[in-house]
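> Structure of the sequence below:
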Amino acid sequence: MNKYGKGRGFLVTWDELVIGQVYGPHQFHVSEDVLRKYLSAVQDKNIFYYLENQCCPPTMAALYFGPILSNIPAEGRIHAKQQFCFHMPAKIGDTLHTTMTVSNKYIKREKKYVDLSMRTEKSDGELVVSGVSALIWPC
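So this is what the prediction gives:
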C-alpha cells in the first residue's frame, strides 16, 4: 500500500504519529436543525432530548468526534475499542470544540496500536465529553 490512497491525499503511517501531537480544535455548532435531523436519522422519538431539555443524546458525540479523526487519514485502520465519559449534555445553541491527542503508540501481538484521547468542551471551557479510542494502524 502506498501513501496515496484513492484520491484522499497523504496517509499517515504509524511511524509518523507523534505521542503528544494535538489535532484540532474542530468546531461544531449544535443547532435545532442538526438535533432534529440526528434524532430522525437514528429514529429516536424520546421527547426528553428535544421537547423538554433541548439537549443532545450521548450518541450524538459521533457527530463531533468523527470529523476530528479525519485529521489523521489512514485507510484500513481498525477501531479496536473506545471509552467515553459524558460530563454534561450538549444543548441547542452550544458551540463545541473538540481536540484529539495522540496519547500512546504500542505494538501488541505484532499489530501497531494508537491511542487517541479526545475532549469536547463548550465555548466557556466546560467539559462535555472525554474519551479514548484505540485503533489498530494499517501501516
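> what sits up against stretch 19-36?
If you take CB atoms under 8 Å, 6 or more residues apart in numbering as the criterion, stretch 19-36 is touched by 49-50, 54, 56, 60, 63-64, 67-68, 71-72, 90-105. Heads up, the C-betas are built off the backbone N, CA and C, glycines and all.
> Swap in 7 Å and give it another go.
Contact partners of stretch 19-36, identified using CB atoms under 7 Å, 6 or more residues apart in numbering, comprise 50, 56, 63-64, 67-68, 71-72, 90-105.
> so where do the strands sit in this structure?
Listed in chain order, the strands of the chain (DSSP state E) span residues 22-29, 78-86, 95-108, 111-122, 127-137.
> and of these, who's closest to residue 38?
Of all these, strand 22-29 sits nearest to residue 38, with 11.6 Å by CB to CB.
> Quick check: neighbours of that closest one in the sheet, parallel or antiparallel?
strand 95-108 (antiparallel) (DSSP bridges).
> CA atoms only for the partner strand, dumped as PDB, please.
Extracted as PDB, the C-alpha positions of strand 95-108 are listed here (Å, rounded to 0.1, in the frame of the first residue of the first chain):
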ATOM      1  CA  THR A  95     -20.700  25.600  20.200                       C
ATOM      2  CA  LEU A  96     -18.400  22.700  20.900                       C
ATOM      3  CA  HIS A  97     -14.700  22.400  20.400                       C
ATOM      4  CA  THR A  98     -13.100  19.000  20.100                       C
ATOM      5  CA  THR A  99      -9.400  18.300  20.300                       C
ATOM      6  CA  MET A 100      -7.600  15.000  19.800                       C
ATOM      7  CA  THR A 101      -4.200  14.000  21.200                       C
ATOM      8  CA  VAL A 102      -2.100  11.000  20.200                       C
ATOM      9  CA  SER A 103      -1.700   9.600  23.800                       C
ATOM     10  CA  ASN A 104       0.100   6.300  23.200                       C
ATOM     11  CA  LYS A 105       1.600   4.000  20.500                       C
ATOM     12  CA  TYR A 106       2.400   0.400  21.100                       C
ATOM     13  CA  ILE A 107       2.700  -3.000  19.500                       C
ATOM     14  CA  LYS A 108       0.600  -5.800  20.700                       C
END
